[in-house]
Every structure is written in structure tokens, then in C-alpha cells.
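Engineer: Just a sequence and a predicted model for now, questions to come.
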Amino acid sequence: MKTKIFIVDDHFMVIEGIRSLLENEKEIEWMGHASSAASCMAFLVTHKPDVILMDINLPDKSGIDLCKEVKSLYPSIFILALSTFNQASYVQAMMEYGASGYLLKNASQQEIMQGIHEAMKGKSYMSLEVAQELRKSEDLKMPVISKREKEVLVLIAEGLTNNEIAERLFVSSNTVDTHRKNLLLKLQAKNTAALVKTAVQWKLLEF
């Protein structure tokens, strides 16, 4: 049984490029294209593709909003985002609204087909470049620390012991120790030296 593919993009060259990549695939049925969110929704009233390749930048509505709308009305349709942007915020928004994957417009035939296959199996798929960018973004997520934790962190960086910090902040040594352990955890540091180094990198010692 063939997989019915529909594309939503306002760039003719992109549509033609992807169509040429997929037209000789025996398992693919090309259903056509829409150049706007409105024409996509009009098409879906009478036609049901299996997978929509959806651009994020459309003339009348963002692909992110369109993805949300399509998934709420037609949850059985799988959506693969199609974009020139690989920023984590776009990827996360599309996936949050129900997209099954995220492809860049320079994706190879193999990548597009793999994305379609994974979507049809109910799995998610991302271009390698997109996955790397997302991972990098997650790695660079700044840790959130409380005002008290910051005070403890600054004093640790100054070389004070738990007892000295406790005296300075008018709290118990056990409380300071708890803050220190939380800071090690939040900053993913194995020891005090690594903690201070990471704090400097994140500029957490500045007021």
C-alpha cells in the first residue's frame, strides 16, 4: 500500500525538488501541494494524505500554528516539518504540537524517505544536523539557581569553608552543605574546583 504524501510550501523550487526526489519511489503516492495554510486546510476537507511535509514559514500562518491545527482536526495525519532553520526553538515547537519529525530543505532523498518511514511507524525522526543542534542547545541550557544558592556559590568561589559560609550567612553548616550538594548537581560538577570553573563559564558569580 502506497504512502500518500502532500507538501505545504510556498517555494515552487522546493516543491519541485522534493517531488523529483520522491516521484520514482514505488511506495510513494504524490498527492500534490499547497502554497499556504488556508489552501492546505481546504485540501484536507476532501483529501487525506498519510504524511504532510510542512514548511515552517508560510505566507498566511506559521507552519507551527498550522501543525497544531492539522493535528487537532486530523490526528491520524503525520507531519514532517520542512525548514531552512535548525534552531532548537523551532524544532521543539513543532514536535510539541505533534510533528513526527523535522527535516531541513537540503535533506537527501534517503533522509526524506527515512523520515516518512519513521513517521508511518509512529516514531519521530530528525535530520542529523537538526538533532545535533538540539543536543547542543540542551547541553547549553543555563542552570537555574536560587538567590541563596548564588550567595553560597560566591563564597565557595572565594575559598570559604562550609563553617565559614554558615557564619557569614547566619545559617547552619548542614544547610550550607545541602546548598553545596544542590549546586554540584545543578552545575553537573564533580568537585568544588569544577563547580567554580562552571560557575565562571556561566557568569553565575556576577551580580
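Structural biologist: Now that the structure is in, tell me what you want to look at.
Engineer: contacts, neighbours, all on C-alpha from now
Structural biologist: OK.
Engineer: Just give me the residue right at the centre of this structure.
Structural biologist: For the chain, the residue nearest the mean C-alpha position is Gln92 (3.0 Å; C-alpha atoms, centre = their mean).
Engineer: May I have the phi/psi pair for that residue?
Structural biologist: Note on Gln92: backbone dihedrals following degrees, to the nearest 10 are phi -60, psi -40.
Engineer: so how far is Val176 from it?
Structural biologist: Separation of Gln92 from Val176 (C-alpha to C-alpha, to the nearest Å): 37 Å.
Engineer: and what of Ala38?
Structural biologist: Distance from Ala38 to Val176, by C-alpha to C-alpha: 58 Å.
Engineer: ok, Ala119 - how many residues close by?
Structural biologist: By other C-alpha atoms under 10 Å, 21 other residues sit near Ala119.
Engineer: Skip the chain neighbours and tell me the closest residue to it.
Structural biologist: Ser100 (5.5 Å; C-alpha to C-alpha, 6 or more residues apart in numbering).
Engineer: Looks like the one you found contacts Ser76 (just checking).
Structural biologist: No. Counting by C-alpha atoms under 8 Å, Ser100 stays clear of Ser76, with 11.2 Å between them.
Engineer: So for those two, which residue has more residues nearby?
Structural biologist: Legend: neighbour count by other C-alpha under 10 Å for Ser100 and Ser76, higher for Ser100 (25 against 14).
Engineer: and that one, what does it touch?
Structural biologist: Phe78, Ile79, Leu80, Ala81, Ala119, Gly122, Lys123, Ser124, Tyr125 (C-alpha atoms under 8 Å, 6 or more residues apart in numbering).
Engineer: what's the residue lying closest to the last one once chain neighbours are set aside sitting at in phi/psi?
Structural biologist: Okay, so that is Tyr125. Leaving aside its sequence neighbours, Tyr125 sits nearest to Gly101 (C-alpha to C-alpha, 6+ apart; 4.4 Å). The phi/psi pair for Gly101 (degrees, to the nearest 10) reads phi -180, psi 180.
Engineer: Tell me how far Gly101 lies from His11.
Structural biologist: As judged by C-alpha to C-alpha, Gly101 and His11 stand 20 Å apart.
Engineer: got it, and Ile156?
Structural biologist: Relative to His11, Ile156 is positioned 56 Å away (C-alpha to C-alpha).
Engineer: Counting neighbours, go ahead and name the busier of the two.
Structural biologist: Neighbour tally, Ile156 and His11, criterion other C-alpha under 10 Å: the higher count belongs to Ile156, 19 against 11.
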